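Q: The amino acid sequence is not available; the structure is as follows:
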DNA sequence: ATCCTGTTTTGACCACTGTCAAGATAGACG
DNA sequence: CGTCTATCTTGACAGTGGTCAAAACAGGAT
């Protein structure tokens, strides 16, 4: 598991906020991939549950509180995993997921608005 | 112009970060809508250019630096506008766009990781 | 008034994505 | 070893989204 994740060059380190300087096409593609992973209500809730748990959480805890089938949950978890937002491990009968906060911090920093933009610096 | 935008209850105010408490379905739907608007490389670059300009920017400045047609640019700008991320105004021949930073700040705060999650608080 | 330029809308096409049913896999327990 | 449970993968389908060509619209210039 956790075999394939997209390359995460920005992870852990800081990045130039989107609102500070125009994003180069490569950075835009990487950022868009993460946002795409978060662009679904079910995935966003899953991500929130995992991240707010602050610890590993069992898949069996999800299947009850969503109105979609178990395979669908599994599919969404894979998307989050391939986006580098979570990771998982099988332990005995159950599979446990946990958040990778660096990735969340990275996108949060990407979206950060640096102080008050100065119109005098415009283009 | 700027006629239709999705309802933005969280704008301006703060919100509970995704990693602090599980998102309710309604909040997840609203957040996912914003992320969906940002989940395209072209839109992310457009958003970045507009936000980093710190001032109004003319559509005519875009059409050169993208490999897509003008109608496609227009389409992406509309998506950003309907997500409440930018707004625009026609002034004479040209149309000008500017960023709505509150919205960016809102999603950035939504993604913020609150200090170090305490495992003792888990579930 | 007429044309010309810049921007948006409409319509259509293709690719991608979310969803579920069915089958496959991993591990526990007799 | 066989079976049962929990999870994931595969295959298929419908709905959505990105793209462009063509047409419509807005405003300035001649």
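A: Received the coordinates, thanks. Since we're looking at a predicted model, the values are computed, not measured. Numbers count the residues shown, from 1 in each chain, chains lettered A, B, ... in the order given.

Q: which residue sits closest to residue A:94 in space, ignoring its chain neighbours?
A: Leaving out its chain neighbours, the residue that sits closest to residue A:94 by Cβ to Cβ, 6 or more residues apart in numbering or on different chains is residue A:58, at 4.9 Å. Placement of C-beta: from N, CA and C, glycine included.

Q: Now the most centrally placed residue in chain A: closest residue in space, sequence neighbours ignored.
A: Closest to where the C-alpha atoms of chain A average out (Cα atoms, centre = their mean) is residue A:85, at 3.6 Å. Distances taken as Cβ to Cβ, 6+ apart place residue A:103 nearest to residue A:85, at 5.0 Å, with adjacent residues excluded.

Q: Tell me which helix or strand that neighbour sits in.
A: For residue A:103, the host element (DSSP states H and E) is helix A:101-111.

Q: on that earlier part again, tell me the contacts of the residue nearest to residue A:94?
A: A:94-96 (Cβ atoms under 8 Å, 6 or more residues apart in numbering or on different chains).

Q: Run through the helices of chain A in chain order.
A: Listed in chain order, the helices of chain A (DSSP state H) span A:25-38, A:41-53, A:70-82, A:101-111.

Q: Are the third one and DNA strand D in contact anywhere?
A: By that I understand helix A:70-82. Yes. With Cβ under 7 Å from any atom of the strand as the measure, helix A:70-82 is seen reaching DNA strand D through A:70-71, A:73-75, A:77-78.

Q: wait, does that helix make contact with DNA strand C?
A: Yes. With Cβ under 7 Å from any atom of the strand as the measure, helix A:70-82 is seen reaching DNA strand C through A:71-72, A:75-76, A:79.

Q: Can you give me the buried ones in stretch A:67-77?
A: Using 16 or more other Cβ atoms under 10 Å in any protein chain shown as the test for burial, stretch A:67-77 gives A:73, A:76-77.

Q: wait, I meant stretch A:102-113
A: If you call a residue buried by 16+ other Cβ under 10 Å, then stretch A:102-113 has these buried ones: A:103-113.

Q: Equivalent analysis for stretch A:44-61, please.
A: Buried residues in stretch A:44-61 (16+ other Cβ under 10 Å): A:44-54, A:56-57, A:59.

Q: got the residues of chain A near DNA strand D?
A: Residues of chain A lying close to DNA strand D (Cβ under 7 Å from any atom of the strand) are A:58-60, A:63, A:70-71, A:73-75, A:77-78, A:88, A:93-95.

Q: Quick check: the farthest pair among the residues you listed?
A: Distance extremes for these: the farthest pair is A:75 and A:93 at 20.6 Å, using Cβ to Cβ.

Q: circling back: in a markdown table: the contacts of residue A:58, plus pLDDT.
A: Converted to a markdown table, those look like this (pLDDT from 0 to 100):
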| residue | pLDDT |
| --- | --- |
| A:94 | 91 |
| A:95 | 93 |
| A:96 | 95 |
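
Q: List the ones among those that fall in strands.
A: Taking DSSP state E, the ones among these that sit in strands are A:94-96.
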